[in-house]
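J.: Fold the stuff below for me.
(chains A and B)
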There are 2 protein chains.
Amino acid sequence: MSSPTINVTFHPAGVTAQATAGVALSEAAASVGVAINTPCGGKGTCGKCRVRVRSGELSEPTAQELQLLSSTELQAGVRLACQAHALGECEIETAGVGDVVVRKDLDEDALRSFALQPRVKRRALALDPPELGDQRSDLLRLWDKLGTGGCSCRARLAALERLPGVLRGDEFNVVATMLDDLLVAVEPRDTARDPYGAAIDVGTTTIVAYLVNLSTGRIEATCATLNPQTRHGADVISRIEHARDVPGGLEELQGEVVGAINALVGRALKDVGAETNHLFELTVVGNTAMHHLLLGLDPQYIAQAPYIPVVSQPLTLYASDLGIEAASGGQVFVLPIVAGFVGADTVGVMTAADITGRGPTLAIDIGTNGEIVLWSGDRLLCASAAAGPAFEGARISQGMYAAPGAISAVTLNGEDLRISTIDDAPARGICGSALFDATAVLLETGALEVNGRLAAEADGLPAAIAARMSGEGNGRRVLLASEAIAHRAHPVYLTQPDIREIQLAKGAIRAGVEVLLGEAGISAGDLEAVLLAGAFGNHIRPESAVRMGVLPPVDLARVVAVGNAAGAGALMALCSESERELACRLAVEAEHVELAANPRFQMAFMETMLFE
Amino acid sequence: MSSPTINVTFHPAGVTAQATAGVALSEAAASVGVAINTPCGGKGTCGKCRVRVRSGELSEPTAQELQLLSSTELQAGVRLACQAHALGECEIETAGVGDVVVRKDLDEDALRSFALQPRVKRRALALDPPELGDQRSDLLRLWDKLGTGGCSCRARLAALERLPGVLRGDEFNVVATMLDDLLVAVEPRDTARDPYGAAIDVGTTTIVAYLVNLSTGRIEATCATLNPQTRHGADVISRIEHARDVPGGLEELQGEVVGAINALVGRALKDVGAETNHLFELTVVGNTAMHHLLLGLDPQYIAQAPYIPVVSQPLTLYASDLGIEAASGGQVFVLPIVAGFVGADTVGVMTAADITGRGPTLAIDIGTNGEIVLWSGDRLLCASAAAGPAFEGARISQGMYAAPGAISAVTLNGEDLRISTIDDAPARGICGSALFDATAVLLETGALEVNGRLAAEADGLPAAIAARMSGEGNGRRVLLASEAIAHRAHPVYLTQPDIREIQLAKGAIRAGVEVLLGEAGISAGDLEAVLLAGAFGNHIRPESAVRMGVLPPVDLARVVAVGNAAGAGALMALCSESERELACRLAVEAEHVELAANPRFQMAFMETMLFE
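T.: As a prediction, the model looks like this:
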């Protein structure tokens, strides 16, 4: 007998998955587009996919759940979505548990100015009606009015199918939409509305869509979602392995990201009252793995030496070729990449900064990989340092994404620590920016030694700090938030192994910076600016970053958070053909410095692992 | 109770249609791609869709069948496919009944010489394997070797999906296939074979495919079939009406021609042992209605003043956009058209003749419309004269296509007529070339008067001719073949109304010629050549054409049959980019002279209707 079909409803999304009884909650959620964060890839080892069961019959807690969840949590109905299986109808809460706080709004006013010059052009035309003395075809008539003409004709067949009726529907008054020299739509004058475009930033963790009115250049809606591929693992390597090792895995991953883009853009269009057939172009940035998975290209050679991507050049594709919903003839421009781990997102950062138009500048996007770009005033160098996911909360014992209740800042309050959480919610973990802060503050107070060891003795430490420290050797830890304010009834600690993860991550990034500076023959003091890109960069306090050593010693006034610069680059490429050309030029100009198996990098890393 | 499903098998094709009991034989045939000629559109009025029932239960003969079929035919199991309905399993013979003799082989040696310069280019490449010091992407590596490079990359996504595996499968030795600057395929060196292209001539009646090896430029296979759209009617107007008036009619017509092209090209590929993924490009010619129906474009405005096509420019499309089966990324080039009734087929004729590279030349393609091109040495003029389908056998009482048993030539044998049939089979009808001949011979002997009336009296006629004439007034007729040699047990006559049809048709074409000569300011004597295009043109005897007056009085030595010049034009465009450009230039250079409602045409027609 086959298992019955049951309904699993997720709140606050309010959507219901129909699935076979016995389905894992994470699978049921994924099937209806509810993103649940599973950085360990559903192995039940990270405990990050907590959900709360409102009602319904579920499988018994697994050994992993019993280990990772407190008895209070279990009593409250908290389960791990990757471990718990729905046996009957059930209602599940995901809100406030795994939701990512997406802080990827672009402050348009903060972007450097650029010309509005989109590829999408719209022209209102009054054509001469045909007569026996003027038998030009409908298209030629339109073409002549557009002033293009010539023998070479570029038009979407779909735009021609309705052409005779549209022309004759309003006495040959129409609005024509062109993508460069390609006619993509002809509409009656009275129903035509402004064309839209979408700039998409496909992050390993988060996908963001900026919906832009291409007549005004304004962002009219911003939508973001967790990348549904995270259910296969938090990092790019687990995705690449899924594509390589699981039959149909590549198509599955592509379908997930395409589905998420369609959902995001659809939501954004709905927000502004527009429809799919008003969307004529999308531009996309993403790291090389996200880029390949979106395009359905085999990513496996990115992940093994010599780290070769399938394609690096900019691509212009029909949206329909990717399954992306847009107007008939709508296109997708995928920004170029530089190398296996320096992707289109980094090209977006370089473009948004107009990096070669400035003085010597270092730009860093800190994430699982730290992408580093150095413009020396003469050469444009870039590299990717494998920092690991520590700064994104993975491999940190109580690490988490930037969600409500995440400790996001740690500063000195007199002689004790001052702890801030997102939304001032009760603390339930530590997110990346607080790791920088805590490391810097502990170094400052002497609680953390240069070699990365937490001080074994209280001697010389402020009493308040010493009181927070407990344990021995590798078990030593620092209390950040006590039970009193931790709603999960267990306190939040930063542990000695956490410090080791931070040490490796910052060491890798800093070593990459040092290699590029050495290659360019300049020193940190020559830098006019250090740009911190990425949502994460917005939350890092420059003094912490310099103090804990992920950044070289520079004047703090020169360190500037530039927000989602990758997304800004996609936006500029969408809005301006010259910015698009700039992106292409920069990708060609950029010299990639491979850090893997690079002796200079290894040498530098030995040094930069230390907290000096 | 719903009707049962039955099998209807057609011979000699040997294919079986599964259909609901009660299906018309013509519908069942169409459903499996067996073309049965139904010029009247299935109304049961033309009697051209004769088939023979080998076995099975069918509906009773209709009134139309009883009128159009002789009792001998009915006894022999002959039925009209549009009238007879299958009530149970049955076996039907179509061979030798409605089959068209397709004489569209191109004599390659007779074509003017042109450079082999196809858009499809194939390059064997030995790439440098990647290493840490050379991290170019797979595509860039290929691109650099091709010597294209640059920022703007054109590649089919499908060509990239298998790229990493193909490159690494044979140590980076591959064969790359380009369509201009577009990479469409990358194959392992050892399995690559020559690329193919197909030139397609979509006639109102017949579709022909020439399969060309693009490495050698040789035609390796030629296949032809009746255009399955003929089941909606023989002429373009009935197709246009079907598209306009029947819901889904346009899609149906498009599906029929696309299906026929796929079947033809598939057969041709099979003949040479190649596969769909070896077919990279197709070029297509056809009259404007066929052109629009293939493209799925609304043809209705072609058929009503001022006769405006949707698109006239040359089009390059992905085959997949039309549903045409080809290699991934394979393209279709559709030759430009000039006007509503001067289509891509005429552009093909002009191209094949390199018409503007010659002295003053008249080219005529005689069919339902007579397309007329005049190169005066200075101006390129063209027009379409609505000749009606008389020359194709429709509206001629015993007219038929060029099939075995069709009377195809009528000459003088001393003082009597000499009758020749196709394949020397017993006479069963008259095809177009014999209409020219018979008219000329009857004029020559005095049996036909200048005003188009058959001589009422035998006075002054050769006795043998006089003996063939019978009837009075509008019932007067000329016996061409007596019962003795007519296997259907009824004789073949040319009737007075037939002569009227011929008179109108030849008058229209000749009037068009006169208008163009007048417009160009030259006379027939200035013409260096008169080219007769089309399969039909091959069978017309120049002396008959001049004598009966469809051609102006010119030296017979200057009249040249050029065969399927439209198809030759498609072939040249397929094989040579410069010929393709020539086609585009000629379409732009050609001045269309509209004959409908043209007073000069009406004036000329009054004259040219006469047999002088």
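
J.: quick one: average confidence on stretch A:503-510?
T.: The average pLDDT for stretch A:503-510 rounds to 93.

J.: and what of stretch A:8-26?
T.: Averaging pLDDT along stretch A:8-26 gives 83.

J.: Check which residues of that stretch are buried.
T.: A:Val8, A:Thr9, A:Phe10, A:Ala17, A:Ala19, A:Ala21, A:Val23, A:Ala24, A:Leu25, A:Ser26 (16 or more other C-beta atoms under 10 Å in any protein chain shown). Quick note: C-beta positions are derived from backbone N, CA and C, even for glycine.

J.: go on, stretch A:404-416?
T.: Neighbour count says stretch A:404-416 has A:Pro404, A:Gly405, A:Ala406, A:Ile407, A:Ser408, A:Ala409, A:Val410, A:Thr411, A:Leu412 buried, by 16+ other C-beta under 10 Å.

J.: lowest confidence element among the helices and strands of chain A?
T.: helix A:534-539 (a mean of 78; mean pLDDT, DSSP states H and E).

J.: circling back: among the buried residues of stretch A:404-416, which are in strands?
T.: Judged by DSSP state E, the buried residues of stretch A:404-416 include A:Ala406, A:Ile407, A:Ser408, A:Ala409, A:Val410, A:Thr411, A:Leu412 as members of strands.

J.: for the least confident helix or strand of chain A, packing partners?
T.: For helix A:534-539, the packing partners by 3 or more C-beta pairs under 8 Å, 6 or more residues apart in numbering or on different chains; DSSP states H and E come out as strand A:361-365, helix A:432-445, strand A:559-563.

J.: Dump those to JSON lines, plus mean neighbour count.
T.: Formatted as JSON lines, those follow (neighbours: other C-beta atoms under 10 Å in any protein chain shown):
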{"stretch": "strand A:361-365", "mean neighbour count": "27"}
{"stretch": "helix A:432-445", "mean neighbour count": "25"}
{"stretch": "strand A:559-563", "mean neighbour count": "20"}
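
J.: can I get these in JSON lines with mean pLDDT and distance to chain B?
T.: Below are the helices and strands packed on helix A:534-539 laid out as JSON lines (pLDDT from 0 to 100; distance: least, C-beta to the nearest C-beta, whole Å):
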{"stretch": "strand A:361-365", "mean pLDDT": "95", "distance to chain B": "20"}
{"stretch": "helix A:432-445", "mean pLDDT": "94", "distance to chain B": "29"}
{"stretch": "strand A:559-563", "mean pLDDT": "90", "distance to chain B": "25"}
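
J.: Wait, a helix at A:Asp345?
T.: Yes. A:Asp345: assigned to a helix according to DSSP: H, G, I helix; E, B strand; the rest coil.

J.: what sits against it?
T.: A:Asp201, A:Gly203, A:Val285, A:Gly286, A:Asn287, A:Met290, A:Asp365, A:Glu371, A:Ala566, A:Gly569 (C-beta atoms under 8 Å, 6 or more residues apart in numbering or on different chains).

J.: Check A:Leu264 too.
T.: Contacts of A:Leu264 (C-beta under 8 Å, 6+ apart): A:Ile200, A:Ile207, A:Val208, A:Ala209, A:Cys223, A:Ala224, A:Thr225.

J.: Secondary structure class of A:Pro426, three-state.
T.: Per three-state DSSP, A:Pro426 ends up coil.

J.: Identify the farthest-apart pair in the contacts of A:Asp345.
T.: A:Met290 and A:Gly569 (14.5 Å; C-beta to C-beta).

J.: which SS class is the nearest residue to A:Thr346 once chain neighbours are set aside?
T.: Spatial nearest neighbour of A:Thr346, chain neighbours left out: A:Glu371 (4.5 Å); criterion: C-beta to C-beta, 6 or more residues apart in numbering or on different chains. At A:Glu371, secondary structure determined by three-state DSSP is strand.

J.: Dig out what the residue nearest to A:Thr495 when sequence neighbours are not counted forms beta bridges with.
T.: Closest residue to A:Thr495 apart from its sequence neighbours, by C-beta to C-beta, 6+ apart: A:Arg477 at 4.3 Å. Counting by DSSP bridges, A:Arg477 is bridged to A:Ser470, A:Thr495.

J.: Chain B: which of the contacts of A:Leu264 is nearest?
T.: A:Ile200 (17.0 Å; C-beta to the nearest C-beta).

J.: what's the distance between the closest one and A:Glu252?
T.: Taking C-beta to C-beta, to the nearest Å as the measure, A:Ile200 falls 20 Å from A:Glu252.
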